[in-house]
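Colleague: Show me the folded form of this:
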Amino acid sequence: IIDDGKFKNIKVTSIFDKPEKLHLIGPRFVDNAVNLITSSEIDVVVDALGSYDFSLQLIKTALKFNKHVVTTSKVVAKNMEELTKLATDNNVSFLYEATVCGGTQVVYPLSLVAKCNDVSKIYGILSGSINYVLTRMHVDWIDYKKSLELAGENKFTEKNPKLDVNGTDSVQKITILSNLAFQTKINMSEVISRPISTINEDVINYTRNNDLVIKYVAGAYKKGKNITIFVEPFVFNKNHPFANVMEEENIVAIESEFNGQLVFQGLGAGGYPTGSAVVSDIWKLYEGIDGYDYVNNATYNINKKYELKKPLPFCFNLKICSIVPSHPFSRNLKNLQGSTFMIREMSRKNKAAHPCFQKRSLFAGKKKGTPPRAFFSHSVFEVCAVIILQTLIGLQRVLSGLIQCLHQLAVFLHIAAHRGQNGDFFPNLIGGLHV
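Modeller: Numbers count the residues shown, from 1 in each chain. Next comes the predicted model:
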């Protein structure tokens with residue numbers, strides 16, 4: 001991206017990588033990382049090695065030698081406070097936009113929002129690789145193993161794909177975002193997560209046949225001095241915005257005191273989206289932006305016994321079927337528009353057919369088409385509220401259609417009243433049609 005000439009004041013002078021990459025890198029190749037990061041000719045060190053321990057040592061050394069650092073490594077999740085302090089002590093910047101959602105670039109905007117807002121919730125699809133896998137399974141009817149292989153071939157997964165499928169990658173990302181949003185220190189062990197490997201072919205078939213879509217969601221919300229953080233699969237109604245985030249795309253929603261809800265969507269996996277985030281960080285340094293405002297100055301209680309009992313708006317969690325979306329992320333009755341699936345299922349005479357009354361486990365996979373295990377615990381008032389709302393929506397559509405018909409009739413009568421002498425509906429009027 002830099003070599004294309006768009007950034008004339010930025011120059012890539014040296015590149016450290018494995019010896020087998022020499023033929024790709026050319027004369028800028030160096031085989032000693034320490035010599036590179038301690039060179040007086042270099043102002044910024046970019047870490048895009050995809051390693052952990054080596055990247056951590058490289059970043060620390062670069063900061064100590066007064067080099068600005070831009071990284072794509074998830075070491076930030078566990079070491080954000082230490083690395084930020086090290087950068088401050090050495091009067092340099094530490095930037096990590098590319099660590100979360102690649103080209104979507106949500107880290108810097110979040111740091112600005114948190115600076116002058118009280119952020120209450122942040123949630124979204126943070127793993128572009130897993131979203132690609134789920135898209136292939138749902139749209140192309142490709143099994144899980146083959147879908148994961150395709151993601152690897154397109155270089156969407158981590159070097160160790162287990163970090164994607166077991167949820168570690170998403171846990172690291174939501175930890176980074178939560179630290180920035182709430183200005184605290186979250187330990188990754190405090191994030192409740194469920195792996196994507198629990199989703200089998202039977203689950204995909206069931207959701208596909210019922211106009212539902214599975215997405216892998218990470219979220220965090222704050223209530224008073226308590227924070228709940230999770231990473232797990234969700235089932236969304238097909239009309240929900242999250243359900244239409246396909247391929248390697250990401251989407252992140254931030255809710256705060258003064259800004260309301262902000263939504264960021266874009267490509268999250270792949271070389272160019274990640275590369276663009278790296279270059280944007282380098283450009284921030286050139287423009288004089290020191291870094292992201294992060295200070296661990298708040299203490300919260302982390303909910304370690306979290307168990308999701310209510311779904312996100314328009315969605316149906318894999319563990320429970322729900323009508324009224326009273327999950328902490330839901331805010332108003334507008335979210336009930338996605339509940340037609342539940343109304344249809346409830347109207348069946350045979351309640352045993354409804355997934356809320358099934359006893360089989362969703363993840364058991366013992367029988368093809370096995371619906372989710374869940375329970376039904378809503379009052380008659382809640383059910384009636386949904387039915388009334390759906391009825392009002394239907395009446396609104398009917399009235400809208402009737403008004404449209406009356407308008408067309410009025411136009412027709414108006415034109416007929418101005419017919420020309422030859423019976424033509426288009427009289428000779430200056431300016432064209434008389435309507």
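Colleague: What is the burial count for the nearest residue to residue 195 once chain neighbours are set aside?
Modeller: Of all residues not flanking residue 195 in the chain, residue 166 sits nearest, at 4.7 Å (C-beta to C-beta, 6 or more residues apart in numbering). Any C-beta I mention is one placed from the backbone N, CA and C, and that applies to glycine too. Neighbourhood size, residue 166 [other C-beta atoms under 10 Å]: 16.
Colleague: just checking, residue 166 touches residue 194?
Modeller: No. Between residue 166 and residue 194 no contact is recorded; they are 9.6 Å apart, counting by C-beta atoms under 8 Å.
Colleague: And residue 83, how far from residue 63?
Modeller: Distance, residue 83 to residue 63, by C-beta to C-beta, to the nearest Å: 7 Å.
Colleague: next one: residue 263
Modeller: Going from residue 263 to residue 63 by C-beta to C-beta gives 34 Å.
Colleague: who's more crowded, those two?
Modeller: residue 63 (24 against 12).
Colleague: right, and that one touches residue 95 too?
Modeller: No. Residue 63 sits out of contact with residue 95 when judged by C-beta under 8 Å, with a separation of 11.7 Å.
Colleague: Give the residues shared as contacts by the two.
Modeller: Residues touching both residue 63 and residue 95 by C-beta atoms under 8 Å, 6 or more residues apart in numbering: residue 69.
Colleague: in the stretch 101-250 of the chain, which spans are helices?
Modeller: 107-116, 128-139, 144-153, 162-165, 168-182, 201-209 (DSSP state H, counting those that start in this stretch).
Colleague: Contacts for the shortest one next, please.
Modeller: Counting by C-beta under 8 Å, 6+ apart, helix 162-165 makes contact with 127, 129, 130, 148, 151, 157, 158, 168, 169, 195, 196, 197, all of which sit outside it.
Colleague: hmm, 10 Å instead?
Modeller: With contact meaning C-beta atoms under 10 Å, 6 or more residues apart in numbering, helix 162-165 is reached by 52, 74, 127-130, 132-133, 144, 148, 151-152, 156-158, 168-172, 195-197, 216, 269.
Colleague: any idea how far the helix or strand where residue 274 lies is from the chain center?
Modeller: Assessed by DSSP states H and E, residue 274 sits inside helix 271-287. With C-alpha atoms, centre = their mean, to the nearest Å as the basis, helix 271-287 stands 20 Å off its chain's centre.
Colleague: Tell me what angle that helix forms with helix 107-116.
Modeller: With axes from the mean of the first three to the mean of the last three C-alpha atoms, to 10 degrees defining the directions, helix 271-287 sits at 50 degrees from helix 107-116.
Colleague: Contact partners for the residue nearest to residue 195?
Modeller: Contact analysis of residue 166 by C-beta under 10 Å, 6+ apart lists 160, 193, 194, 195, 196, 197.
Colleague: what do you get if the cut-off is 8 Å, keeping everything else the same?
Modeller: Each residue near residue 166 by C-beta under 8 Å, 6+ apart is listed here: 195, 196, 197.
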